[in-house]
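Novice: This is a predicted model, with the sequence first.
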Amino acid sequence: MARVTGPLFSISASGSVGKALTYAVWRGVEYCRQWFTAHNPKDPLQVKVRGIFTMGVNAWHYTLSDANQIAWEDDDNRPQAMSGFNWHQGSYVESMWAGETPLVTPETF
């Protein structure tokens with residue numbers, strides 16, 4: 001992706017130009033990429049994966065208490081670049097694929 005400054009002779013740009021280019025901003029960085037149509041497979045495995053991610057998001061927002069969410073945020077094993085939510089999601093998905101019950105609070109090693 002090309003990083004752009006003053007795209008299209010303006011301060012910023014977003015959206016597509018015809019079916020050729022797409023201008024966007026990601027984490028404060030403006031860029032331009034080739035236009036494409038997203039592929040959305042509905043095969044059984046993809047539907048299962050999306051279902052697991054949905055259950056993980058719902059568990060975070062509706063099942064975990066504020067104290068449990070803070071425990072995920074404050075976990076010493078969490079990579080610094082990762083949020084507590086993402087740390088929880090990774091653990092949740094891993095547990096579900098292994099056929100285990102997902103953790104409410106992070107494991108201590």
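Specialist: In hand now; what should we look at?
Novice: ok, the nearest residue to P106 once chain neighbours are set aside - contacts?
Specialist: Nearest residue to P106, sequence neighbours excluded (C-beta to C-beta, 6 or more residues apart in numbering): D75, at 4.1 Å. Placement of C-beta: from N, CA and C, glycine included. The contact partners of D75, by C-beta atoms under 8 Å, 6 or more residues apart in numbering, come to G84, W87, P106.
Novice: name the element the residue most central in space within the chain belongs to?
Specialist: The residue lying closest to the centre of the chain (C-alpha atoms, centre = their mean) is N86, at 7.4 Å. Assigned by DSSP states H and E, N86 belongs to helix 84-97.
Novice: about what we covered before: tell me the pLDDT at the residue nearest to the centre of the chain?
Specialist: On pLDDT, N86 comes in at 94.
Novice: contacting residues around the helix or strand encompassing Q46?
Specialist: Element membership for Q46 (DSSP H and E) is helix 44-58. Helix 44-58 is contacted from outside by H88, Q89, Y92, V93, M96, W97, P102, using C-beta under 8 Å, 6+ apart.
Novice: among those, who's most crowded?
Specialist: Counting neighbours by other C-beta atoms under 10 Å, the top entry in those is H88, with 28 neighbours.
Novice: Three-state assignment for the closest residue to it other than its chain neighbours, please.
Specialist: Distances taken as C-beta to C-beta, 6+ apart place W72 nearest to H88, at 4.7 Å, with adjacent residues excluded. Following DSSP: H, G, I helix; E, B strand; the rest coil, W72 is assigned to helix.
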